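1. Structure, please.
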Amino acid sequence: YSKNHDSVGVIFASIVNFSEFYEESYEGGKECYRVLNELIGDFDDLLRKPEFRSVEKIKTIGSTYMAASGLNVQQMAEDDDDSPHAHLRALFNFALEMMGVLDDFNKNMLGFGFKLRIGFNHGPLTAGVIGTTKLFYDIWGDTVNIASRMDSTGVECRVQVSEESHAVLRAMGLEFDYRGTVNVKGKGQMRTYLYPKSGENACEGRTELAAGPGPFHVPLPANKTLASVSNPSSGFISSPSPQPKSTVRPPGARLPPGPAKCTEARDEGYRDAAQLPGKSPDTDIHPHPVPGPETPSQVHPAPLALQDEEEEESNELTRLNEEFYARL
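-> Residues are numbered from 1 along each chain as shown. This next block holds a predicted model:
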């Protein structure tokens, strides 16, 4: 069985850092997959909302969630909205809701925070069932392939859309950042756009780790560290910075020059920082100076001074031996 559709929306939503959480040596990965199952179940619950009745889950591929809209022609005909692209707005809102669900899920995780990356596209495709055993409904076509590519080349915590989908969604009042071009197999270079706009990252300021275990508290595998701290600016987990080692200096020695400037890190991995709009490549982060004088630690003599002392002791011992034998 198969059927052609003229305009179907497709999203691929990937948990980009699930591989960092997964540890097969810990109960064969069973506990990690239990967590993934809980999260996928929360995504599935969104489909029960009336506003997402035109959205259908297609399948999950590892830690990637695939959904589509506009496949149920009869249901679309019964909707009051006359716009042929209303289901695309519903699918896009569904993608944004998935990010919100993930934020809530992360609040009940101890020592780890998942990140979502979504690719969006729409167009004609074929849907149906192929084979005679283990039957399941699936979709095929360039529209699906491009949506997958929008995900795989996307940016975490943002939705990447194709130029055609951008034109439709922009007409609905949504504002995007123009990203540039990405290479799509069989299609060449394609212009893409990102939502939300720069500075409105969907993950910033929303994900906060709970102080204690919640209903989905998951103990990390033995070799996973829980000694991580929450970054209040981004809401994600970052490892604590190592403390600088104290050095021993002779009295009166000058302090060494401070650390070199660190170029501001940016998570936009698709182009160099110098090409980002409105950003200066010379933007630096300056370390704060350490207040107050530094208390000197125990001072060890310099190697040359030690050598001189040893030579003096040897000469003194030789002189005493000569005097002793002279008296004999």
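
2. what's the helix or strand for M190?
-> Here M190 sits within strand 188-195, counting by DSSP states H and E.

3. Show me the contact partners of that strand.
-> Under the contact criterion CB atoms under 8 Å, 6 or more residues apart in numbering, strand 188-195 has outside partners 146, 149-150, 153-155, 158-163, 166, 169, 174-184. In short, each C-beta sits where N, CA and C put it, glycine included.

4. in its sheet, what does it sit against?
-> Applying DSSP bridges to the sheet, strand 188-195 is found paired with strand 159-162 (antiparallel), strand 177-184 (antiparallel).

5. Can you tell me which of those is nearest to A67?
-> strand 159-162 (12.8 Å; CB to CB).

6. Helix or strand next in line after that closest one, which one?
-> helix 163-170.

7. Check which helices and strands that next one is in contact with.
-> helix 86-107, strand 116-129, strand 188-195 (3 or more CB pairs under 8 Å, 6 or more residues apart in numbering; DSSP states H and E).

8. residues of the second one that come out buried?
-> Residues L116, R117, I118, G119, F120, N121, H122, G123, L125, A127 are the ones in strand 116-129 that count as buried (16 or more other CB atoms under 10 Å).

9. again with the longest one
-> Burial within helix 86-107, assessed by neighbour count using 16+ other CB under 10 Å, is assigned to 86-92, 94-95, 97-99, 101-103, 105-107.

10. which intervals of the stretch 101-250 of the chain have sub-threshold pLDDT?
-> For the stretch 101-250 of the chain, the stretches flagged by pLDDT under 70 are 200-250.

11. Could you report the separation of the nearest residue to E163 once chain neighbours are set aside from L110?
-> Nearest in space to E163, with sequence neighbours left out and distances taken as CB to CB, 6 or more residues apart in numbering, is R191 at 4.5 Å. When distance is defined by CB to CB, to the nearest Å, R191 is 41 Å away from L110.

12. now K197
-> The gap separating K197 from L110 is 32 Å, by CB to CB.

13. between the two, which one's more packed in?
-> Using other CB atoms under 10 Å as the criterion, K197 and L110 rank with L110 on top: 18 against 13.

14. Read off the pLDDT value for P257.
-> Turning to P257, the model gives it a pLDDT of 45.

15. Let me know how buried S314 is, in neighbour terms.
-> If you count neighbours by other CB under 10 Å, S314 ends up with 10.

16. next one: D44
-> The burial count for D44: 13, using other CB under 10 Å.

17. which SS class is the residue nearest to it when sequence neighbours are not counted?
-> Of all residues not flanking D44 in the chain, K57 sits nearest, at 6.4 Å (CB to CB, 6+ apart). Using DSSP: H, G, I helix; E, B strand; the rest coil, the structure places K57 in strand.

18. Show me what K57 bridges to in the sheet.
-> Applying DSSP bridges, one finds that K57 bridges with A67.

19. residues of the strand holding M190 that come out buried?
-> Buried, per 16+ other CB under 10 Å, within strand 188-195: M190, T192, Y193, L194, Y195.

20. Take those and lay them out in CSV including distance to G141.
-> Listed next are the buried residues of strand 188-195 as CSV, based on distance: CB to CB, whole Å:
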residue, distance to G141
M190, 16
T192, 19
Y193, 21
L194, 24
Y195, 23
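
21. And those, which is closest to L47?
-> Y195 (21.2 Å).

22. For that closest one, give its distance to F120.
-> Relative to F120, Y195 is positioned 8 Å away (CB to CB).
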